[in-house]
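Coordinates for the following, if possible.
(chains A and B)
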Number of protein chains: 2
Amino acid sequence: MSVKEIPYKIYLEEDEMPKAWYNLRADMKNKPAPLLNPGTLKPMTREELDGVFCDELVKQELDDTTAYFEIPQEIRDFYKMYRPSPLVRAYCLEKKLDTPAKIYYKFEGNNTSGSHKLNSAIAQAYYAKQQGLKGVTTETGAGQWGTALSMACAYLGLDCKVYMVKVSYEQKPFRREVMRTYGASVTPSPSMETEVGRKILAEHPGTTGSLGCAISEAVEVATKSEGYRYVLGSVLNQVLLHQSIIGLETKAALDKYGVKPDIIIGCAGGGSNLGGLIAPFMGEKLRGEADYRIIAVEPASCPSLTRGKFAYDFCDTGMVCPLAKMYTLGSGFIPAPNHAGGLRYHGMSSTLSQLYADGLMEATSVVQTEVFKAAEEFARIEGILPAPESSHAIRVAIDEAMKCKETGEEKTIVFGLTGTGYFDMVAYEKFHDGKMTDYIPTDEELQKSFANLPKVE
Amino acid sequence: MSVKEIPYKIYLEEDEMPKAWYNLRADMKNKPAPLLNPGTLKPMTREELDGVFCDELVKQELDDTTAYFEIPQEIRDFYKMYRPSPLVRAYCLEKKLDTPAKIYYKFEGNNTSGSHKLNSAIAQAYYAKQQGLKGVTTETGAGQWGTALSMACAYLGLDCKVYMVKVSYEQKPFRREVMRTYGASVTPSPSMETEVGRKILAEHPGTTGSLGCAISEAVEVATKSEGYRYVLGSVLNQVLLHQSIIGLETKAALDKYGVKPDIIIGCAGGGSNLGGLIAPFMGEKLRGEADYRIIAVEPASCPSLTRGKFAYDFCDTGMVCPLAKMYTLGSGFIPAPNHAGGLRYHGMSSTLSQLYADGLMEATSVVQTEVFKAAEEFARIEGILPAPESSHAIRVAIDEAMKCKETGEEKTIVFGLTGTGYFDMVAYEKFHDGKMTDYIPTDEELQKSFANLPKVE
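Just a heads-up that it's a prediction; the model follows:
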């Protein structure tokens, strides 16, 4: 054959796997704004951050000029256990949609955490271990991040304390058990174990918790315990750095077959998956070497990019964390109770926020019933049962492919399939039974939430 | 490098994937005994079987001389969606056990059914479609087979009716929802929808069902409905034929790196996974070309090979199915209620039974607390959360590797990791909480169960 036939799944060989992470910020003209100390409103220094995060991770967090960070051999070995992840050509979906578009997805769900979160979990746990720490603390919502971190800590022999949003803790006992299988301790948040937890419980006795609140608890425990640091699964620059493995593998796989995407689509909660997937493509765009349409897809019920304010805000409810400049709905924002799955964080990664503000990517929002329609269609055609989060990207990928059908354009679409939905069957059940509803916050609600934004400058 | 370094995961290229299934029976001197008509006790004819199974599958069921069956292109295309499955070199486990043994596992859990069952589900659904049928019926216990069949039917546009053992239906609502996502109808068994279901419910009002009973219902519905046939996920010759893809891929992957296994280990319930994994290796053994230790691992609570009788028995509780000659605990045997997971069928594939009777493979049984210990250890070291069924093989693989540590032998061990345990967290929870118990049936209990074996010859 003259043209290399593209297989259903493109796997890189082990020796083709990326040996360094790519730091998108190095190529950004407008760098993401620095984190601010919530007390002084001055940029957080390395010393201040060292108390919360591992030293090496602080370096990565603050470095916006080094383009590549070598991936330590031990992390590369761990990656080999579940990576390279396949880049799948969605032949079946294309056929079913009868579209001239060519659709690819990078599938990150083939590991026990069920998502891409493991890429950063192992990196963060590794640096904690290197620093001689006893363990790490974190929060988890839907549970992917907590599971991923538990796996990484089990592998390295680190202690792992997870604060799990209470509503998820109760509704997702299986997730909790997976974390316990990996030896983590899992505490429903807010808890009576921390000052901030006790305070929140006193103020809101019946609360089922939020990510922002669980973050506050995990940070408090990390900073008050000898030999512990806090780690976070999204939003931070370091996380996007580690997740660049997704995009680097995707690009290497496409390059092998001479494929250049037109549109790159990812779901966006805190931005870890999207930031990772688009990294090398955005890099080319920033350096003027290539152009791509890049689309962030967020839930209409938690629309930080599409309806949020680009401003400094607290990263957590308890206001113990640094302030970040980002598109935010206000740190008190909690999506309506009918919202299923993740993508429920009030803010968006500073890096992605800056790129969006600079017009380098688009954003769109979708309601969840449309998301689950796409999820079910995709499951039946492509076999993989997608996570609700990932299905946001599927929805928009299908929509873009259908536009191609109308126009006859043979666009190449790449989207991130971040994970599987095995632990989200309660939401699927609601959808099957016609009991799933949509909620879009009103302008009034958002204005009310914006009123609590801190006054900076 | 002079010796080709073995990667963590060996993936075949698409064009290296097997193009034909291997029919182990063709190389057996002592063929498995034929199915008997439960009424006449005469071998089932093709015409009799055609009423229950699809025509092409009946041909495959009865053919014990054709060594290779070409895999139709449409099935091969479907296989490409989730195959080749990786053959993993368990470097991390080897290191942790500090054993000179080399351990490989063939991981079949990377698809939404979470197990190897999909390999035969797509084949059976394909032939049903080819025959112009409307749909198929089946039973499911733990749920992997039902999920797999739902996926295959969704892909081909066939109707799928699943009778799910009532206790699983109630304890595994997520499994049920996955099947519904793929458009299957799922009925708890025994149900009032069938004659046999009503009869069983009248006799045992509070029963939570059994596989044998669900089979009876599914067969009744298939034979009484226009355009439907019954399909089965294990035990049958045709299933072992389709599952040979596991062993063929495993052997091709090992051959690529010049590796010859010493020991091959698989869990055994009805025999679908084990029969598939060992097929090409057993073929070599039967033809005198090579020798391997082959070990079937079964639960001590359902020990058909190690403690059963090699005799003709009913395949189902309702006694509507043909009789098979197999190692059996009696068709009325139901594992103790504390038994977790699958591998709960009272009999064993006729093919494997004959091989075992002829001394061509070994069998051993393990108690479930030991199985879950191995499962948890494996999860923490290798990252994959294994299904309880698969963990039987892990247990014995670890035990064999530890023997190598004692003797210093560098044996190569290959085992089948049939699936993931995401839907088995209730059992894991019991294990973590120290509430899991073991039960080994007494000789008296087994004798009582054997008393109901049909008198044949």
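
helices and strands of chain A: which one has the lowest mean pLDDT?
Lowest by mean pLDDT, DSSP states H and E among the helices and strands of chain A is helix A:166-171, with a mean of 87.

What residues does the stretch 151-300 of chain A have near chain B?
With CB under 8 Å from any CB of the partner chain as the criterion, the stretch 151-300 of chain A meets chain B at residues A:151, A:154, A:155, A:173, A:174, A:177, A:178, A:180, A:181, A:182, A:183. C-beta here means a position set from N, CA and C on the backbone, and glycine is covered the same way.

Please repeat the previous calculation with a cut-off of 7 Å.
With CB under 7 Å from any CB of the partner chain as the criterion, the stretch 151-300 of chain A comes near chain B at residues A:151, A:154, A:174, A:177, A:178, A:180, A:181, A:182, A:183.

wait, what's in contact with the second one?
Residue A:154 is in contact with A:182, A:183, B:380, counting by CB atoms under 7 Å, 6 or more residues apart in numbering or on different chains.

Secondary structure element holding it?
Using DSSP states H and E, residue A:154 falls within helix A:144-156.

What of the fifth one?
Residue A:178 is part of helix A:173-181 when elements are defined by DSSP H and E.

Now rank the residues of the stretch 151-300 of chain A next to chain B by neighbours and give me the top one.
residue A:151 (33 neighbours; other CB atoms under 10 Å in any protein chain shown).

Geometric centre of chain A: which residue is closest?
residue A:272 (3.3 Å; CA atoms, centre = their mean).

Dihedrals phi and psi, the nearest residue to it once chain neighbours are set aside?
Counting by CB to CB, 6 or more residues apart in numbering or on different chains, residue A:234 is the residue found nearest to residue A:272 once chain neighbours are left out, at 4.0 Å. Main-chain torsions, residue A:234, degrees, to the nearest 10: phi -150, psi -170.

what pLDDT does residue A:234 get?
Listed pLDDT for residue A:234 reads 91.

Same check on residue A:334?
Note for residue A:334: predicted pLDDT of 85.

same question, residue A:2
For residue A:2, pLDDT reads 43.

Residue A:215 against residue A:139, yeah?
Yes: Residue A:215 is in contact with residue A:139 according to CB atoms under 7 Å; the separation is 4.9 Å.

Tell me the buried residues in the least confident helix or strand of chain A?
A:166, A:167, A:168, A:169, A:171 (16 or more other CB atoms under 10 Å in any protein chain shown).

residues touching residue A:140, list them.
Contacts of residue A:140 by CB under 7 Å, 6+ apart are A:146, A:162, A:164.

Out of these, who's the most crowded?
residue A:146 (33 neighbours).

wouldn't that residue be in contact with residue A:164 here?
Yes: counting by CB under 7 Å, residue A:146 touches residue A:164, with 6.1 Å between them.

quick revisit: do you know how far the residue nearest to residue A:272 is from residue B:358?
Residue A:234 sits 58 Å away from residue B:358, going by CB to CB, to the nearest Å.

and if you look at residue A:403?
63 Å.

Please state the mean pLDDT value computed over the helix holding residue A:154.
97.

If I take that helix and helix A:173-181, what angle do their directions form?
20 degrees (axes from the mean of the first three to the mean of the last three CA atoms, to 10 degrees).

okay, helix A:144-156 in CSV with CA atoms only?
The C-alpha trace of helix A:144-156 is given here as CSV (Å, rounded to 0.1, in the frame of the first residue of the first chain):
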residue,chain,number,x,y,z
GLN,A,144,-10.9,9.4,39.8
TRP,A,145,-8.2,11.5,41.3
GLY,A,146,-8.3,9.9,44.7
THR,A,147,-8.1,6.5,43.1
ALA,A,148,-5.2,7.5,40.9
LEU,A,149,-3.3,8.9,43.9
SER,A,150,-4.0,5.8,46.0
MET,A,151,-2.6,3.7,43.2
ALA,A,152,0.5,5.8,42.9
CYS,A,153,1.1,5.8,46.7
ALA,A,154,0.6,2.1,47.0
TYR,A,155,3.2,1.6,44.3
LEU,A,156,5.7,3.8,46.0
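
Near the residue lying closest to residue A:14 once chain neighbours are set aside, how many other residues are there?
Distances taken as CB to CB, 6+ apart place residue B:7 nearest to residue A:14, at 4.5 Å, with adjacent residues excluded. Residue B:7 is flanked by 17 other residues according to other CB under 10 Å.

Local confidence estimate at residue B:7?
Confidence score, pLDDT, at residue B:7: 94.

mind listing what's buried in stretch A:145-164?
Here stretch A:145-164 shows A:145-156, A:158-164 as buried, counting by 16+ other CB under 10 Å.

What's the end-to-end length of that stretch?
Length of stretch A:145-164, first residue to last, CA to CA, to the nearest Å: 10 Å.

for stretch A:219-229, same thing?
8 Å.

Give me the buried positions along that stretch.
Those would be A:219, A:220, A:221, A:222, A:228, A:229, for stretch A:219-229 by 16+ other CB under 10 Å.

so of the residues you listed, which ones are in strands?
For the buried residues of stretch A:219-229, the ones inside strands are A:228, A:229, with DSSP state E as the criterion.

Let me know the closest of the buried residues of stretch A:219-229 to residue A:198.
Each of these was scored against residue A:198 by CB to CB, and residue A:220 proved nearest at 10.5 Å.

Provide a list of residues in contact with the closest one.
When contacts are taken as CB under 7 Å, 6+ apart, residue A:220 is in contact with A:194, A:195, A:196, A:320.

Could you check how far the last one is from residue A:208?
Looking back up the chat, that one is residue A:320. 21 Å.

Residue A:311 is in what secondary structure piece?
Applying DSSP H and E, one finds residue A:311 within strand A:309-314.

Just want the angle from the helix or strand following that strand to strand A:309-314.
For strand A:309-314, the following helix or strand on the C-terminal side (DSSP H and E) is strand A:323-328. Note on geometry: by the same axes, to 10 degrees, strand A:323-328 and strand A:309-314 are set 140 degrees apart in direction.

Alpha carbons of strand A:323-328, in CSV - could you do that?
Output of strand A:323-328 as CSV, limited to C-alpha atoms (Å, rounded to 0.1, in the frame of the first residue of the first chain):
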residue,chain,number,x,y,z
LEU,A,323,-5.5,33.0,45.0
ALA,A,324,-5.4,32.2,41.3
LYS,A,325,-6.3,34.4,38.4
MET,A,326,-8.7,32.4,36.4
TYR,A,327,-12.1,32.2,34.8
THR,A,328,-14.2,31.6,37.9
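
now for that strand, which elements pack on it?
helix A:304-307, strand A:309-314, helix A:350-357 (3 or more CB pairs under 7 Å, 6 or more residues apart in numbering or on different chains; DSSP states H and E).

how about these in JSON lines, adding mean pLDDT, distance to chain B and mean neighbour count?
Below are those laid out as JSON lines (pLDDT from 0 to 100; distance: least, CB to the nearest CB, whole Å; neighbours: other CB atoms under 10 Å in any protein chain shown):
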{"stretch": "helix A:304-307", "mean pLDDT": "98", "distance to chain B": "29", "mean neighbour count": "23"}
{"stretch": "strand A:309-314", "mean pLDDT": "96", "distance to chain B": "35", "mean neighbour count": "21"}
{"stretch": "helix A:350-357", "mean pLDDT": "98", "distance to chain B": "29", "mean neighbour count": "24"}
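
out of these, which comes closest to residue A:123?
helix A:350-357 (16.7 Å).

can you state the direction angle for the helix or strand following that closest one and helix A:350-357?
For helix A:350-357, the succeeding helix or strand toward the C-terminus, using DSSP H and E, is strand A:362-366. Angle of strand A:362-366 versus helix A:350-357, following the same axes, to 10 degrees, is 100 degrees.

quick one: low-confidence parts of the stretch 151-300 of chain A?
Counting by pLDDT under 70, not a single residue of the stretch 151-300 of chain A qualifies.

Strands of that one, residue ranges please.
A:159-165, A:185-189, A:228-230, A:263-267, A:293-299 (DSSP state E, counting those that start in this stretch).

Packing partners of the first one?
Contacts defined by 3+ CB pairs under 7 Å, 6+ apart place strand A:159-165 against strand A:135-140, helix A:144-156, strand A:185-189, helix A:211-224.
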